[in-house]
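**Student:** can you look at this prediction? I've put the sequence above it.
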Amino acid sequence: MIQQLRIYEIFETNKAAFHARFRDHAARIMRTKYGFRIVAMWETKSGDRTEFAYLLEWPDEAAKTSAWSAFMADAEWSEIKRITHAEHGLMVGQIEDRLLVPVDYSPSFSLLN
(Lines give C-alpha, C1' and ligand atoms only; values in the text may rest on other atoms or scores of the structure.)
Protein backbone atom coordinates (compact mmCIF):
# COMPACT_ATOMS: atom_id res chain seq x y z
CA MET A 1 0.00 0.00 0.00
CA ILE A 2 1.26 3.47 -0.87
CA GLN A 3 -0.14 6.88 -0.06
CA GLN A 4 -0.18 9.99 -2.21
CA LEU A 5 -0.54 13.52 -0.90
CA ARG A 6 -1.88 16.15 -3.31
CA ILE A 7 -1.80 19.84 -2.41
CA TYR A 8 -3.55 22.41 -4.60
CA GLU A 9 -3.21 26.15 -4.34
CA ILE A 10 -6.77 27.50 -4.49
CA PHE A 11 -8.03 31.06 -4.64
CA GLU A 12 -10.29 32.82 -2.14
CA THR A 13 -12.23 34.50 -4.97
CA ASN A 14 -13.62 31.18 -6.25
CA LYS A 15 -12.90 28.80 -3.38
CA ALA A 16 -16.57 27.78 -3.01
CA ALA A 17 -16.74 26.92 -6.72
CA PHE A 18 -13.53 24.87 -6.44
CA HIS A 19 -14.90 22.88 -3.50
CA ALA A 20 -18.21 22.29 -5.28
CA ARG A 21 -16.39 21.05 -8.38
CA PHE A 22 -14.11 18.74 -6.41
CA ARG A 23 -16.89 17.43 -4.14
CA ASP A 24 -19.58 16.99 -6.78
CA HIS A 25 -17.52 16.00 -9.78
CA ALA A 26 -13.81 15.23 -9.37
CA ALA A 27 -14.16 13.03 -6.27
CA ARG A 28 -17.20 11.24 -7.74
CA ILE A 29 -15.45 10.49 -11.04
CA MET A 30 -12.23 9.48 -9.28
CA ARG A 31 -14.02 7.04 -6.98
CA THR A 32 -16.69 5.55 -9.23
CA LYS A 33 -14.86 5.31 -12.55
CA TYR A 34 -11.23 4.84 -11.59
CA GLY A 35 -11.10 3.33 -8.10
CA PHE A 36 -9.42 6.22 -6.29
CA ARG A 37 -9.46 5.72 -2.52
CA ILE A 38 -9.66 9.19 -1.01
CA VAL A 39 -8.68 8.82 2.65
CA ALA A 40 -9.04 12.43 3.85
CA MET A 41 -9.32 16.03 2.61
CA TRP A 42 -8.27 19.30 4.26
CA GLU A 43 -8.14 23.01 3.64
CA THR A 44 -5.17 24.91 5.03
CA LYS A 45 -3.67 28.37 4.90
CA SER A 46 -0.01 29.22 4.66
CA GLY A 47 0.48 32.98 4.83
CA ASP A 48 -1.78 34.45 2.16
CA ARG A 49 -1.99 31.14 0.31
CA THR A 50 -5.06 28.90 0.66
CA GLU A 51 -4.50 25.21 -0.04
CA PHE A 52 -6.64 22.13 -0.50
CA ALA A 53 -4.88 18.90 0.41
CA TYR A 54 -6.06 15.34 0.10
CA LEU A 55 -4.62 11.93 0.82
CA LEU A 56 -5.06 8.94 -1.50
CA GLU A 57 -4.25 5.29 -0.91
CA TRP A 58 -3.15 2.93 -3.66
CA PRO A 59 -2.30 -0.78 -3.72
CA ASP A 60 0.88 0.05 -5.69
CA GLU A 61 2.47 2.66 -7.93
CA ALA A 62 1.24 1.01 -11.15
CA ALA A 63 -2.39 1.32 -9.99
CA LYS A 64 -1.81 4.99 -9.11
CA THR A 65 -0.27 5.77 -12.49
CA SER A 66 -2.96 3.95 -14.44
CA ALA A 67 -5.86 5.56 -12.54
CA TRP A 68 -4.42 9.06 -12.86
CA SER A 69 -3.84 8.63 -16.60
CA ALA A 70 -7.42 7.48 -17.10
CA PHE A 71 -8.88 10.25 -14.94
CA MET A 72 -6.91 13.00 -16.70
CA ALA A 73 -8.14 11.70 -20.08
CA ASP A 74 -11.78 11.39 -18.93
CA ALA A 75 -14.15 13.24 -21.30
CA GLU A 76 -16.67 14.09 -18.56
CA TRP A 77 -13.94 15.57 -16.34
CA SER A 78 -12.49 17.57 -19.26
CA GLU A 79 -15.90 19.06 -20.00
CA ILE A 80 -16.53 19.92 -16.33
CA LYS A 81 -13.16 21.67 -16.14
CA ARG A 82 -13.90 23.60 -19.34
CA ILE A 83 -17.32 24.76 -18.09
CA THR A 84 -16.17 25.70 -14.58
CA HIS A 85 -13.13 27.53 -15.92
CA ALA A 86 -15.38 29.57 -18.22
CA GLU A 87 -17.74 30.38 -15.32
CA HIS A 88 -15.25 30.95 -12.48
CA GLY A 89 -11.81 31.45 -14.02
CA LEU A 90 -8.66 29.64 -12.97
CA MET A 91 -9.50 27.51 -9.94
CA VAL A 92 -6.17 25.82 -9.16
CA GLY A 93 -2.70 27.32 -9.07
CA GLN A 94 0.36 25.32 -8.14
CA ILE A 95 -0.09 21.57 -7.57
CA GLU A 96 2.21 19.51 -5.39
CA ASP A 97 2.16 15.73 -5.70
CA ARG A 98 4.00 13.64 -3.12
CA LEU A 99 4.38 9.90 -2.76
CA LEU A 100 4.50 9.11 0.96
CA VAL A 101 6.70 6.20 1.97
CA PRO A 102 6.49 5.21 5.65
CA VAL A 103 9.67 4.87 7.64
CA ASP A 104 10.08 1.67 9.62
CA TYR A 105 9.55 3.44 12.95
CA SER A 106 6.29 5.12 11.93
CA PRO A 107 3.28 4.07 14.03
CA SER A 108 1.41 3.38 10.77
CA PHE A 109 4.21 1.15 9.44
CA SER A 110 3.18 -1.79 11.58
CA LEU A 111 -0.42 -1.36 10.39
CA LEU A 112 0.68 -1.52 6.75
CA ASN A 113 2.81 -4.64 7.15
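**Tutor:** That came in fine, so what should we check first? For clarity, every value in this text was computed on a predicted model and none was experimentally measured.
**Student:** need the pLDDT of Gly35.
**Tutor:** Residue-level confidence at Gly35 comes out at 97, pLDDT.
**Student:** that one reaches Ala67, doesn't it?
**Tutor:** Yes - here Gly35 lies in contact with Ala67, judged by C-beta atoms under 8 Å, at a distance of 6.0 Å. C-betas here are computed from N, CA, C, even on glycine.
**Student:** helices of the protein, start to end?
**Tutor:** Along the chain, counting by DSSP state H, helices occupy 15-21, 27-34, 61-72, 75-88, 107-112.
**Student:** out of those helices, flag the one nearest Ser46.
**Tutor:** Nearest of the helices of the chain to Ser46, taken as C-beta to C-beta: helix 15-21 at 14.7 Å.
**Student:** buried residues, that closest one. List them.
**Tutor:** Of all the residues in helix 15-21, those buried under the rule 16 or more other C-beta atoms under 10 Å are 17-18, 21.
**Student:** which secondary structure elements does that helix contact?
**Tutor:** On a contact count with 3 or more C-beta pairs under 8 Å, 6 or more residues apart in numbering; DSSP states H and E, helix 15-21 meets strand 49-58, helix 75-88.
**Student:** what's next to that helix, contact-wise?
**Tutor:** 8, 10-11, 50, 52, 80, 84, 87-88, 91-92 (C-beta atoms under 8 Å, 6 or more residues apart in numbering).
**Student:** so how far is that helix off the chain centroid?
**Tutor:** A distance of 13 Å separates the centroid of the chain from that of helix 15-21, by C-alpha atoms, centre = their mean, to the nearest Å.
**Student:** how about stretch 5-14?
**Tutor:** 10 Å.
**Student:** make 56 the first number, not 1, from now on.
**Tutor:** Sure, I'll start counting at 56 from here, so that last one is stretch 60-69.
**Student:** tell me which residues of it come out buried.
**Tutor:** Within stretch 60-69, judged by 16+ other C-beta under 10 Å, the buried ones are 62-63, 65-66, 69.
**Student:** run through the bridge partners of Arg92.
**Tutor:** Following DSSP bridges, Arg92 is listed with bridge partners Glu112.
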